[in-house]
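Asker: curious how this folds, go ahead:
(one chain, ligands or ions: 4)
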Amino acid sequence: VALLDRLRTALTDNELYIVLQPKVALKDRRVVGFEALVRWQTKEGQQFSPGEFISLAEASGLIGQLDRQVLKLTCEAIHRLNDEGIFLPVAFNASPTELLVTDYFDKLMQVVDASHVDPCLLELEITETQAMLDYKEIGPKLRNIMALGMKVSIDDFGTGYSSLSHVAQLAATTLKIDRAFVSRLGHSSDGEHIVDMILKLGERFGYSIVAEGIETEEQCQYLVNKDCHVGQGFWFAKPMKIEPLLQWLKDKA
Ligand code: G
Ligand code: G
Ligand code: NA
Ligand code: MN
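Answerer: Ligands and ions are numbered 1, 2, ... in the order given. Now for the predicted structure:
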């Protein structure tokens, strides 16, 4: 069966689930939030990675449905966290092609309203590349979303098309430094200069900064020394299903 047909089945048979990766304060490793990432395991136990099916979902028009299902799962995870007394924001990834759809905002709000989750506990992540290509259309939608109290992160920042004049007025609360730059810390002064510059831009224009893909203590220390407050990466925690995550949080406390 073609992968696209299987993906349609996955959406109707609820084969998609999410894993959550903690974001931590770099100074003391306190958890400050999470990112939800979609996973797919078929009824027969076969696994597909987002790399295999997200672009297919985008090309075939299934991505809107997929992203809404992930948002619903994210809201369920927030309830589960709230039940345990944890009130931290959880980010979900929004496909940029989907943000161009006319009623994107209404459909998003339908899911959020129906879930009774406080919008302040939700954060939308969108990659820099597309967000900037279609900024005239997407910018106002992101502003609507922020007006509800939701946070907005620009994902993979530094690899896309933001001109410096755009950076000053992005509809975003947060820039996420792409892990390609973080992985170069300690190996390449170019990587370090780019990270330093993004941190300065964030400070100058009032964005919070999250460093992605931290895999070593050296990378973490470099960022702490440069006053980068928040990070995410395998060095702290891999993405986990909600129950193992709750256990991890308890063990940590
Ligand atoms: O989790 P992982 O590294 O395998 O993710 C691979 C890519 O898939 C990342 O770029 C991530 O942003 C994207 N991705 C993960 N979950 C979702 C999702 O729910 N919706 C969309 N549109 N992209 C996602
Ligand atoms: O594009 P986006 O930033 O959403 O991609 C997130 C992906 O990055 C997830 O699939 C997640 O599994 C992966 N990831 C998270 N932390 C690390 C890390 O420390 N190293 C690497 N190589 N990948 C990571
Ligand atoms: Na992301
Ligand atoms: Mn990213």
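Asker: residue boundaries of the helices in the stretch 101-250 of the chain?
Answerer: Assigned helices in the stretch 101-250 of the chain, in chain order: 104-115, 128-133, 135-147, 164-167, 179-182, 189-205, 217-225, 242-252 (criterion: DSSP state H, counting those that start in this stretch).
Asker: can I get these in TSV including mean neighbour count and distance to Pro22?
Answerer: C-beta coordinates here come from the backbone N, C-alpha and C atoms, glycine included. Listed next are those as TSV, based on neighbours: other CB atoms under 10 Å; distance: least, CB to CB, whole Å:
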stretch	mean neighbour count	distance to Pro22
helix 104-115	16	22
helix 128-133	20	23
helix 135-147	16	23
helix 164-167	12	27
helix 179-182	21	15
helix 189-205	16	21
helix 217-225	16	14
helix 242-252	14	8
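Asker: out of the ones you listed, which gets nearest to ligand 1?
Answerer: helix 179-182 (9.5 Å; CB to the nearest ligand atom).
Asker: contacts for the closest one, please.
Answerer: By CB atoms under 8 Å, 6 or more residues apart in numbering, the residues outside helix 179-182 that reach it are 158-159, 191, 194-195, 198, 211-215, 219, 223, 233.
Asker: send over it as CSV, restricted to the C-alpha atoms.
Answerer: In CSV, the C-alpha atoms belonging to helix 179-182 read as follows (Å, rounded to 0.1, in the frame of the first residue of the first chain):
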residue,chain,number,x,y,z
ARG,A,179,21.0,23.1,16.1
ALA,A,180,23.4,23.3,13.2
PHE,A,181,25.0,26.3,14.9
VAL,A,182,24.9,24.8,18.4
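Asker: what residues does the protein have near ligand 4?
Answerer: Near ligand 4, the residues belonging to the chain are 155-156, 212 when assessed by CB under 5 Å from the ion.
Asker: looking at the residues you listed, which are in strands?
Answerer: Within those, residues falling in strands by DSSP state E are 155-156.
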